[in-house]
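sequence and computational prediction follow.
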Amino acid sequence: MPASGLFVPRHRSAIATSSPTEARLFGVSLSPLGWTFRGRRNRLIILLSGSGRITIGDSEVSLAGPAILWTPAGDRGAVTIDAGTEGAALAIPELELGPAMPAGAIFAEVRNALSQPILGARISAADARRLCATIGTIEEELKENGPGAQEVIRHHLALLVIAIWRLANIETRQPKPSPRTIVRGFVHLMELHIRDHWTVGDYAAALDIPADRLNTAIRRAAGRTPQDLIHARIMTEAATLLDGSTLQIGQIATILGFKDAAYFSRFFKRLSGISPRAHREGASNRNRPRDTSFAAWP
């Protein structure tokens, strides 16, 4: 199903639409979906399953379903939905969102919650299904445009507004892991999965934190990025096997999770300046990997 109007696909111009509020369900696709958005409308994306990424400014956050993504009008960025992902998306201009806002004492709380982005907060599968069903109803009403359609749409937008407010409150109330906890969790996971070649996004998802928060915690604790530490740990493993075994280079590459010996050799030479064979033969001027002991970490 095309995404005309809901998002502006990359490398394409915006498509004019007569309907200011737009909704769509997206099923499992064989190829990724990628869009940019320009801040003209509020955006809601629900992932039932699958994954993706959102870029806001200089930050990139991994998404893993079931999850909610909310960006207020004015925020600009890009979102990529990976192949095999299922969910729903909604675009709401401020003029349509206003009438759906609740009256009374909670108005200020709801307005404040919706003025802040929610970038991929995990939600329950049941909540994700309910939100997708509501967006699906709005999509059908927009298509059919029958008598009273705008009232039905406003009613369902009001339900979504309350749901976003509630989920934002839950996310705020949940205790966030301390930097110390993040660092220790990362080190533990790295020891378990170093040969699986996890990305930084994979580690962040396993720790249930945004990738930029993981990056900040590791930089402050170690003075290096998570990717630097992952590479350093692989190099330590590689050097240990090269120095302490008679295994062939191809066998070591397989043990370390590389797809072939050539890829491993390029990786090793890029980080150390010499080939694995030269390292093993004791070539002069070899640059051993820096100490990656975590004993002194917080």
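Structure's in. What do you need?

quick one: the most centrally placed residue in the chain from Pro210, how far?
In the chain, the centroid-proximal residue (Cα atoms, centre = their mean) is Ser62; its distance is 0.9 Å. When distances are taken as Cβ to Cβ, to the nearest Å, Ser62 and Pro210 turn out to be 8 Å apart. C-beta coordinates here come from the backbone N, C-alpha and C atoms, glycine included.

anything in contact with each of those two?
Common contact partners of Ser62 and Pro210 (Cβ atoms under 8 Å, 6 or more residues apart in numbering): 120, 204.

now the strands for the chain?
Remark: strands of the chain, listed N- to C-terminal, are 8-9, 22-26, 33-37, 42-49, 51-56, 59-64, 67-71, 77-81, 86-92, 118-122; assignment by DSSP state E.

would you list the ones you listed in CSV and tack on mean pLDDT and distance to Leu142?
Supplementary listing: the strands of the chain in CSV, determined by pLDDT from 0 to 100; distance: least, Cβ to Cβ, whole Å:
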stretch, mean pLDDT, distance to Leu142
strand 8-9, 36, 19
strand 22-26, 90, 6
strand 33-37, 79, 19
strand 42-49, 93, 15
strand 51-56, 89, 24
strand 59-64, 85, 25
strand 67-71, 92, 20
strand 77-81, 89, 21
strand 86-92, 92, 10
strand 118-122, 88, 24
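
about what we covered before: looks like the residue nearest to the centre of the chain contacts Ala204 (just checking).
Yes. With contacts defined as Cβ atoms under 8 Å, Ser62 counts as touching Ala204 at a distance of 5.9 Å.

hey, what's in contact with both of the two?
Common neighbours of Ser62 and Ala204, using Cβ under 8 Å, 6+ apart, are 210-211.

circling back: what's the closest of the strands of the chain to Leu214?
Nearest to Leu214 among the strands of the chain is strand 59-64 (9.9 Å), distances taken as Cβ to Cβ.

listing partners with orientation, what would you give for the closest one?
Pairing partners of strand 59-64, with direction, according to DSSP bridges: strand 51-56 (antiparallel).

how's this protein carved up into domains?
With automatic domain parsing as the criterion, the domains of the chain are listed as 8-173, 179-280.

tell me, which of those is the model least confident about?
When the domains of the chain are compared on average pLDDT, domain 8-173 comes out lowest at a mean of 84.

and Arg184, how far from Ile135?
If you go by Cβ to Cβ, the gap between Arg184 and Ile135 works out to 39 Å.

sorry, slip of the keys, the one I care about is Glu96.
Between Glu96 and Ile135 the distance, using Cβ to Cβ, works out to 14 Å.

okay, these two: which has more neighbours?
Taking other Cβ atoms under 10 Å, Glu96 and Ile135 do not tie; Ile135 has more neighbours (23 against 18).

circling back to that earlier point, nearest to His188, of the strands of the chain?
When the strands of the chain are ranked by distance to His188, counting by Cβ to Cβ, first place goes to strand 59-64 at 19.2 Å.

which of the residues in the closest one are buried?
Going by neighbour count (16 or more other Cβ atoms under 10 Å), the buried part of strand 59-64 is 60-64.

how far off centre is it?
Strand 59-64 has its C-alpha centroid displaced from the chain centroid by 2 Å (Cα atoms, centre = their mean, to the nearest Å).
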